[in-house]
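> got a sequence here, can you model it:
(4 chains)
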Protein chains: 2
Amino acid sequence: MEKKKISLKYIADRLNVSTAVISVVLNNRVGNIRVSEEVKKKIIALADDLNYRPNSLARSLKTGKTYTIGLMVSDISNHYYSKLARSVEDAAGKYNYNVIFCSSDENAEKEASLIRLFRNRKVDGIILSGTQQNENLIQLLENEGYPLVLIDRDYARSRTPFVGLGNQNKYGAYKAVRHLIKNNFKKIALITALPYLRPMSFREEGYKKALGDCNLSFSPNLKLEISYSDVYNSIKYKIENLLNPGAEIDAIFVLNNKLALNCLQVLHDLGKAIPDDLGFACFDDHEMFSFNKPEITAINHSPAEVGKKAVELLLNEMEQISKTKIKEIVPAELIIRKSSIKTKKEFQI
Amino acid sequence: MEKKKISLKYIADRLNVSTAVISVVLNNRVGNIRVSEEVKKKIIALADDLNYRPNSLARSLKTGKTYTIGLMVSDISNHYYSKLARSVEDAAGKYNYNVIFCSSDENAEKEASLIRLFRNRKVDGIILSGTQQNENLIQLLENEGYPLVLIDRDYARSRTPFVGLGNQNKYGAYKAVRHLIKNNFKKIALITALPYLRPMSFREEGYKKALGDCNLSFSPNLKLEISYSDVYNSIKYKIENLLNPGAEIDAIFVLNNKLALNCLQVLHDLGKAIPDDLGFACFDDHEMFSFNKPEITAINHSPAEVGKKAVELLLNEMEQISKTKIKEIVPAELIIRKSSIKTKKEFQI
DNA sequence: GTGAAAGCGCTAACAG
DNA sequence: CTGTTAGCGCTTTCAC
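Predicted coordinates:
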């Protein structure tokens, strides 16, 4: 039993034919090259016997196709993105693509360097939830025709295919805040993240529009801008201030899941009861929101759906099925739970 | 401005030197090949100018190294594994490795086929949280010297490097159950998963030992075996039965996070209050356990640590730094929270 | 109908 | 000291 690299050449030598024949037979290629049934059988039998496995690297080098797609998000361990990753994996797997993933940590430089890496590795296409700070680079990919799909975060002037909430950001936020107001919360703090991302701005618009439509005025000091370093303490500090007499709030509306979880922890640690001390609603649903006490009201958009659609759009780009660049909007659904409804019902619609 | 593939050959032609020179210069190789400073400068300048990017595929084909590691877990969207994936990504990234991931869904066939895929793709090494049903395949990899590290789930007779809880499974469960008993829970249901995995069995042993040490007898009908199809309903059905008069339980101990989340949902839906109706403790901590009401007692082992250590062991395998096969045990830490402590304190240590 | 040869882009072993 | 050539393993175009 000797150790030997099993390659096409090895099989070819043993059978006294050329590598080309083997390749054609094993790949079932119906080219302009015919092989006798007899030879065919021998080849298949020997390949099987030797447990031949083609070297994807060599194949990819030759064909220019790697059957790999690159997925980049801010943090793969974020529950939203991990669900998304899974859905991308499954959707891509159906077409024999594999996924290589990277977390950008919302860092524009890291993002740029990872995109370069993806390209060096010749991934067939990229799915990106970006920092919004590499517009030139994205534009470049776009111009070169490098298959790319943006998710969640679009650029204002880009033609790149996109899957995400789009105007549903605003509408979702609007629905949530309106719901809070209708349930008699009148001083609603807004928690958002720095640096600004477009979805955040849209959501903020929805918040403001809801206030306006209900004849409440927007108060800038109720808007808390949290930077991603030390989220917990930053939220805690700002919330504590808002709870001081003179600046009381009666509810909190949070614009994404990372901030929301930190905020819930803060409220817990401050001993605040939801919803009676403070109403609560946030963007992005979570597997525990449905049985947390109280259950948490959230605006959901399905990461599974975003991932699946992103892969579809990407395949379309890669295989040039259609030349149309699509912006795909997924709906934002308000899931009303107990965190946004006072138990002592003074007033409620 | 014409479109052209920028390869070593292209640069070489323009400069009238061979590709080898370019390669050596750009990679800063200190081989037995000297290049004049002048030529060097020209090469670097032109490469920079053309924005040359090496083709990783070609390089890998030549060198046999892909700087890719394959990560396979049961489900990347499980919060434990997503944290682990992130940690693997970071640790691997430090050494310029990238990660390609796959979810096996606890399916042995899928696992086997994905391992084959990893190999065809020439990943430099594999990190695997396996189904425990492919021992032969694992043994084969081991024999061939294919770099592999097992996480969480080891094979009984394997010499493959491993990172996980090991005997801490039993010890962790023991601590948790003992803690429940000391807090006056006496009829503790055990929720475990089918098919059996070694960590599950170890944990069950810990449960039994705790009972024994506290002079409680193990009652087989308190052990609920849940199969992974339809977890929620399966748990619900069995729990409801256990709550019937004659078979009352006063606490639940759950052996992993997937079961635990489903179980908490069931208890919520059945209107059961924790800890007063039922005490609760489980394996695997969760980002929301610390502010859930009540906060959930859990046995934690850090996925970040497992991931980091796994990469270290894998690098050791890949680069043959040391020939020692290591079994690395990470500690199980019992995090006591309110779900396991009755509010009406009848008796407590 | 069948098979050899070229070449994807790179690097490491050789030669001048 | 400075370079060129061979070849990794595969597919596909071309000549027989």
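> and what about A:Arg53, helix, strand or coil?
Here A:Arg53 takes the coil state, with states given by DSSP: H, G, I helix; E, B strand; the rest coil.
> enumerate the positions of stretch A:22-32 that are buried.
Going by neighbour count (16 or more other C-beta atoms under 10 Å in any protein chain shown), the buried part of stretch A:22-32 is A:Ile22, A:Ser23, A:Val24, A:Val25, A:Leu26. For every residue, glycine as well, the C-beta is placed using N, CA and C.
> what is the subsequent helix or strand relative to the helix or strand where A:Leu180 lies?
Element membership for A:Leu180, per DSSP states H and E: helix A:168-182. Using DSSP H and E, the helix or strand that follows helix A:168-182 in sequence is strand A:188-194.
> what about that next one and chain B, touching?
No: contact of strand A:188-194 with chain B (C-beta under 8 Å from any C-beta of the partner chain) is absent, the minimum separation being 15.8 Å.
> determine the set of other helices and strands touching that strand.
The helices and strands touching strand A:188-194, judged by 3 or more C-beta pairs under 8 Å, 6 or more residues apart in numbering or on different chains; DSSP states H and E, are helix A:168-182, helix A:198-213, strand A:223-227, helix A:231-243, strand A:251-254, helix A:257-269.
> pairing partners for the shortest one, with directions?
Strands flanking strand A:251-254 in the sheet, each with its direction: strand A:188-194 (parallel), strand A:279-283 (parallel) (DSSP bridges).
> contacts for it, please.
The set of residues that contact strand A:251-254 without belonging to it, under C-beta atoms under 8 Å, 6 or more residues apart in numbering or on different chains, is A:173, A:176-177, A:180, A:185, A:187-191, A:207, A:239, A:260, A:263, A:267, A:275, A:278-283, A:340.
> how about the contacts made by the residue lying closest to A:Arg116 once chain neighbours are set aside?
Ranked by C-beta to C-beta, 6 or more residues apart in numbering or on different chains and with sequence neighbours excluded, the top spatial neighbour of A:Arg116 is B:Arg53, at 7.0 Å. With contacts defined as C-beta under 8 Å, 6+ apart, B:Arg53 is in contact with A:Arg116, A:Arg119, A:Asn120, B:Ile6.
> so where is chain A shaky, pLDDT-wise?
Within chain A, the ranges that satisfy pLDDT under 70 run A:1-4, A:30-34, A:246-247, A:345-349.
> burial of whatever residue of the stretch 101-250 of chain A ends up closest to DNA strand C, as a residue count?
The stretch 101-250 of chain A approaches DNA strand C most closely through A:Asn120 (8.5 Å), counting by C-beta to the nearest atom of the strand. A:Asn120 is surrounded by 14 other residues when neighbours are defined as other C-beta atoms under 10 Å in any protein chain shown.
> now the one 10 residues further on
Burial of A:Gly130 is recorded as 28 neighbouring residues (other C-beta under 10 Å).
> and what about A:Ile69, helix, strand or coil?
Each residue gets one of three states, and A:Ile69 gets strand by three-state DSSP.
> doesn't A:Gly93 make contact with it?
No: look at A:Ile69 against A:Gly93 with C-beta atoms under 8 Å: they stay out of range, at 10.5 Å.
> with neighbour numbers in mind, choose between the two.
It is A:Ile69, of A:Ile69 and A:Gly93, that has more neighbours when counted by other C-beta under 10 Å, with 28 against 17.
> in contact with the more buried one, which residues?
A:Ile69 makes contact with A:88, A:92, A:97-100, A:123-127, A:311, A:314 under the criterion C-beta under 8 Å, 6+ apart.
> mind running it again at 7 Å?
With contacts defined as C-beta atoms under 7 Å, 6 or more residues apart in numbering or on different chains, A:Ile69 is in contact with A:Ala92, A:Tyr97, A:Val99, A:Val123, A:Asp124, A:Gly125, A:Ile126, A:Ile127, A:Leu314.
> and what of A:Phe101?
Counting by C-beta under 7 Å, 6+ apart, A:Phe101 has contacts A:Leu71, A:Ile76, A:Ala85, B:Val99, B:Phe101.
> one more time with 8 Å
The neighbours of A:Phe101, taking C-beta under 8 Å, 6+ apart as the test, are A:Gly70, A:Leu71, A:Met72, A:Val73, A:Ile76, A:Ala85, B:Ala85, B:Glu89, B:Val99, B:Ile100, B:Phe101.
> and which of those residues is nearest to DNA strand C?
If you rank the contacts of A:Phe101 by distance to DNA strand C using C-beta to the nearest atom of the strand, A:Gly70 comes first, at 18.5 Å.
> name all residues that make contact with the closest one.
A:Gly70 sits next to A:Val99, A:Ile100, A:Phe101, A:Cys102, A:Leu114, A:Phe118, A:Arg121, A:Val123, A:Gly125, A:Ile126, A:Ile127 when contact means C-beta under 8 Å, 6+ apart.
> can you name the residue of the stretch 201-349 of chain A nearest DNA strand C?
A:Met318 (17.9 Å).
> again, but for the stretch 51-200 of chain A
Of the stretch 51-200 of chain A, the residue with the smallest distance to DNA strand C, taken as C-beta to the nearest atom of the strand, is A:Lys62 at 3.8 Å.
> ok, that residue to chain B distance?
When distance is defined by C-beta to the nearest C-beta, to the nearest Å, A:Lys62 is 9 Å away from chain B.
> the closest residue to A:Lys338 other than its chain neighbours - how many residues pack around it?
The shortest distance from A:Lys338 to any non-neighbouring residue, by C-beta to C-beta, 6+ apart, is to A:Pro294 (3.8 Å). For A:Pro294, the count of nearby residues is 18 (other C-beta under 10 Å).
> gap between A:Pro294 and B:Cys282?
Using C-beta to C-beta, to the nearest Å, one obtains 21 Å as the distance from A:Pro294 to B:Cys282.
> DNA strand C contacts on the stretch 51-200 of chain A?
Along the stretch 51-200 of chain A, the residues adjacent to DNA strand C under the rule C-beta under 7 Å from any atom of the strand are A:Ala58, A:Leu61, A:Lys62.
> of those - the most surrounded one?
Scoring those on neighbours with other C-beta under 10 Å, the highest-scoring entry is A:Leu61 at 20 neighbours.
> which of the three states applies to that residue?
helix.
> compute the number of surrounding residues for the residue nearest to it when sequence neighbours are not counted.
Distances taken as C-beta to C-beta, 6+ apart put B:Leu57 closest to A:Leu61, at 4.7 Å, once the chain neighbours are dropped. Taking other C-beta under 10 Å as the neighbour definition, B:Leu57 ends up with a count of 21.
> does B:Leu57 touch A:Leu57 like I think?
Yes: if you go by C-beta under 8 Å, B:Leu57 and A:Leu57 touch, sitting 6.0 Å apart.
> bridging residues for the residue lying closest to A:Lys175 once chain neighbours are set aside?
Among residues not flanking A:Lys175 along the chain, A:Leu334 sits closest, at 4.5 Å (C-beta to C-beta, 6+ apart). In this structure, A:Leu334 bridges to A:Ile299 when assessed by DSSP bridges.
> tell me the SS of whichever residue of chain A sits closest to DNA strand D?
Among all residues of chain A, A:Ala20 sits closest to DNA strand D, at 2.7 Å; criterion: C-beta to the nearest atom of the strand. Using three-state DSSP, the three-state assignment for A:Ala20 comes out as helix.
> for it, give its distance to DNA strand C.
Spatial separation of A:Ala20 from DNA strand C under the definition C-beta to the nearest atom of the strand, to the nearest Å is 3 Å.
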